[in-house]
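# generate coordinates for the sequence data below:
(2 chains)
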Amino acid sequence: MNWLLLLEQVLNGFQLGMLLFLLAAGLTLVFGIMDFVNLAHGSLYMMGAFFCATFSEWTNSFLFGALLTIPATFILGVVVEMVALRRLYSRNHLDQVLVTFGLILFFNELVRLIWGPVGLDIVLPDFLNRSVEIIPGVPYPIYRLAIIVLGLAVALLLYWIISKTRLGMLIRAGASNREMMGALGINVQLLFTLVFGLGATLAGIAGLMAGPILSVEIGMGRSIIILTFVVIVIGGIGSIKGAFIAAIVVGIIDTVGRSFLPDILKLMVSSDAASTAAPAISSMLIYFMMALVLAIRPQGLFPPKGVA
Amino acid sequence: MVISIRNKINICLLVLLALVPTITTLVDDSFYTGVFSRVLILAIAAISLNLLIGFGGLVSFGQAAFMGVGAYAVGIGSFHMLEDGIDWMGNGYIQLAGSVVISVVLCLIIGTISLRTRGMYFIMITIAFSQMLYFTAVGVDLYGGDDGLSIYERSDMLGLIDLNDEDSFYYLCFTSLLFVLWFFHKINHSRFGQVISGSKSNEERMLAIGFSPFKYRLAAFVISGVFAGYSGFLMANLNDFVSPDMMHWTRSCELIVMIVLGGVAGLFGPLYGALAFLLLEELLSSIPLNIAGLRVGEYWQLIFGPLLIVLVLCARNGIDGLLPGAKHDK
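Residues are numbered from 1 along each chain as shown, chains lettered A, B, ... in the order given. Below is the predicted model of the structure:
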């Protein structure tokens, strides 16, 4: 086996894991605290990427574009929450599925109307568009390293917010007992709006970071949102720590599986059969993992305290 | 016998649906026979899914994948009949039998694992399994992989029904719908159905009085999956085409939208939902209005999405809940 290739794929897996973590953190907060099924989380990710592409073009700079995207997705999240979702917290999951499905249709069509059916490109500035040698002889794109570093930074920031600040205290309280928090005089509605905005911002950051490496196109949210669901379910719904660990595990297994499974399969079956079956099996790998985890621990690996 | 207003409306709807081929012949526009065939087929899938969702409280996202099983039974059958000259594979009854066997086996495996979980986790694990089936279909190059499989020869029903004739195909769908309505009416009012809905409202109590909800739920999961396979069989014959796309989780999501739109509480809800969903789609996408050079109909989802949201916010129990004499959820 090629160890250098393995190292590179593990790093790629880390990088995918960071994107997944950013998406999963927002989604798991919204699920855990508000008990709200948001299928449209992928749309916010897509909007983040499109905002970033547009702002980068206006300002002629990826960095400025990215900085502008962050407040823009926050505002978008808050607006969506206030207009459409606020009235749905008391409803059952089915109504929430229906409404967020409506949102998916709306955002996809809106993007097609504004930006057209063809995807966009985000051009990276030169200093990010290079490779460095992580160990001698192994070049690795700086931008992907930057994603890993930034993802870790956001994870630390999130950890700090949730474990050290008053907002984080309220978020944790909300996750374990919503009614009691309302009874103690906390403005639950405002908290929910903020949490949803925070989730939207994280999704937007994931979108803008993914923009330059994946293509910025209409279907981009649809495929990654399912991976994100897998992550939060494996990690335990409502648990940031679970989301972090599961995101990295899923990211690495998915990436490494895709690049090494064909070779491993060839050892077992004929190379013809291996090369047809491998892509399908490697796409299924994480679903197998999820089914396995849920079959053994139906509540996920790290369910938050107070949730059965 | 007194028939409630509600049932009168339901009967009127069925009579109207029975007349669809006659009306389209009169106005000489057979396009709508196809549209309504699609409505009936999706209604069959949605009604059988509602056994899990509405009556069992189990939100399964796997229905489209099981539809795919039935559809691929037709696709693979016609493929081998034409390519390899294996005549019996074009036989519709054999294709149906294959679809039933595979659906039952898959549902037993998937159900046994999934039904250990509840709520959100159940939603997610059924998505996971349906994605596995989806990727299986994508991965099999022999049957077209991603591009799908064209069906050049519809299922051969041994002269009993000619599936190539649009009207007899429609009536097959219609009688199937009537059967499905009757069957699920019977189920919902049987001891079996009472256990299913009893476990939804209070699982501990069901356990305490000596029922084990798991086997009942598993049976419901299998029944629902088999009917999904049957609707997939019809759908493949209608479209003359099958592709992994019809197994994607968003397709299951559409079925769930139909159910919620129509109302989860009643037997007829999913039928109303399927009607409303597809007719709105037809209607909105053919809006002839032009604004600033853009044809509004082309962007129909821009209207459809918010419309769904408004409908959910205003009509709590779906279309079914708007009819007189509705049972309201608490």
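# what sits closest to the residue of chain A found nearest chain B if chain neighbours are left out?
At 2.3 Å from chain B, A:Ala280 is the closest residue in chain A, using C-beta to the nearest C-beta. Just so you know, the C-beta spots here come from the backbone N, C-alpha and C atoms, and that holds for glycine as well. Among residues not flanking A:Ala280 along the chain, B:Gly139 sits closest, at 2.3 Å (C-beta to C-beta, 6 or more residues apart in numbering or on different chains).
# what pLDDT is listed against A:Asn129?
pLDDT, A:Asn129: 79.
# sorry, that was for A:Leu227
87.
# equivalent analysis for A:Leu167, please.
pLDDT, A:Leu167: 86.
# now do A:Ala146
89.
# ok, residue 91 - how many residues close by?
No chain was given, so I picked chain A. 15 (other C-beta atoms under 10 Å in any protein chain shown).
# meant chain B, my bad for not saying
So B:Asn91, with other C-beta under 10 Å, has 16 neighbours.
# kindly report the same for the one 10 residues further on.
A count of neighbours around B:Val101, defined by other C-beta under 10 Å, yields 14.
# check the one 5 residues further on too.
B:Leu106 is flanked by 19 other residues according to other C-beta under 10 Å.
# so it lies in a strand, does it not?
No: secondary structure assignment (DSSP: H, G, I helix; E, B strand; the rest coil) places B:Leu106 in helix, not in a strand.
# how close does it get to B:Phe221?
Computed as C-beta to C-beta, to the nearest Å, the B:Leu106 to B:Phe221 distance reads 10 Å.
# need the longest helix for chain B.
Looking across chain B with DSSP state H, the single longest helix is helix B:213-239.
# who are the packing partners of that one?
Applying 3 or more C-beta pairs under 8 Å, 6 or more residues apart in numbering or on different chains; DSSP states H and E, one finds that helix B:213-239 contacts helix B:31-50, helix B:63-84, helix B:92-114, helix B:166-189, helix B:191-201, helix B:203-208.
# now it: mean pLDDT?
For helix B:213-239, the mean confidence score works out to 93.
# now that helix, how far from the centre of its chain.
9 Å (C-alpha atoms, centre = their mean, to the nearest Å).
# cool, and stretch A:118-135?
That offset, for stretch A:118-135, works out to 21 Å (C-alpha atoms, centre = their mean).
# cool, and stretch A:20-30?
Distance, centroid of stretch A:20-30 to centroid of chain: 6 Å (C-alpha atoms, centre = their mean).
# got a list of what B:Gly262 touches?
By C-beta atoms under 8 Å, 6 or more residues apart in numbering or on different chains, B:Gly262 lies in contact with B:46, B:268-276, B:318-320.
# so how far is B:Pro306 from the closest residue to it other than its chain neighbours?
Nearest non-adjacent residue to B:Gly262, counting by C-beta to C-beta, 6+ apart: B:Gly273, 2.6 Å away. For B:Gly273, the distance to B:Pro306 equals 18 Å [C-beta to C-beta].
# please apply the same query to B:Ser201.
On the measure of C-beta to C-beta, B:Ser201 and B:Pro306 end up 33 Å apart.
# between these two, who's got more neighbours?
B:Pro306 (17 against 9).
# how many neighbours does the residue nearest to A:Leu68 when sequence neighbours are not counted have?
Distances taken as C-beta to C-beta, 6+ apart put A:Phe55 closest to A:Leu68, at 4.3 Å, once the chain neighbours are dropped. Look at A:Phe55: counted by other C-beta under 10 Å, it has 20 neighbours.
# ok, A:Phe55 to A:Gly219 distance?
A:Phe55 is 22 Å from A:Gly219, by C-beta to C-beta.
# and the pLDDT at A:Asn38?
87.
# per-residue confidence for B:Lys330?
36.
# low pLDDT regions in chain B?
B:1, B:325-330 (pLDDT under 70).
# now do the phi/psi pair for the most far-flung residue of it relative to its centre.
The C-alpha centroid of chain B is most remote from B:Ala292, which lies 38.4 Å away (C-alpha atoms, centre = their mean). Main-chain torsions, B:Ala292, degrees, to the nearest 10: phi 50, psi 40.
# can you pull the contacts of the nearest residue to A:Ala84 once chain neighbours are set aside?
Distances taken as C-beta to C-beta, 6+ apart put B:Ile309 closest to A:Ala84, at 5.4 Å, once the chain neighbours are dropped. Taking C-beta under 8 Å, 6+ apart, we find B:Ile309 in contact with A:Ala84, A:Val99, A:Gly102, A:Leu103.
# kindly report the same for A:Glu81.
Counted by C-beta under 8 Å, 6+ apart, A:Glu81 has contacts A:Phe192, A:Thr193, A:Phe196, A:Gly197.
# and what of A:Val78?
Taking C-beta under 8 Å, 6+ apart as the test, what A:Val78 contacts is A:Thr193, A:Phe196, A:Gly197, A:Ala200.
# residue contacts, the residue in the stretch 101-250 of chain B that chain A sits nearest to?
Residue nearest to chain A within the stretch 101-250 of chain B: B:Gly139 (2.3 Å; C-beta to the nearest C-beta). B:Gly139 makes contact with A:Thr276, A:Ala277, A:Pro279, A:Ala280, A:Ile281, A:Ser283, B:Gly145 under the criterion C-beta under 8 Å, 6+ apart.
# the same query, at a cut-off of 7 Å, please.
A:Thr276, A:Ala277, A:Pro279, A:Ala280, B:Gly145 (C-beta atoms under 7 Å, 6 or more residues apart in numbering or on different chains).
# buried only: go through those for me.
When these are checked for burial by 16 or more other C-beta atoms under 10 Å in any protein chain shown, the buried set is A:Thr276, A:Ala277, A:Pro279, A:Ala280, B:Gly145.
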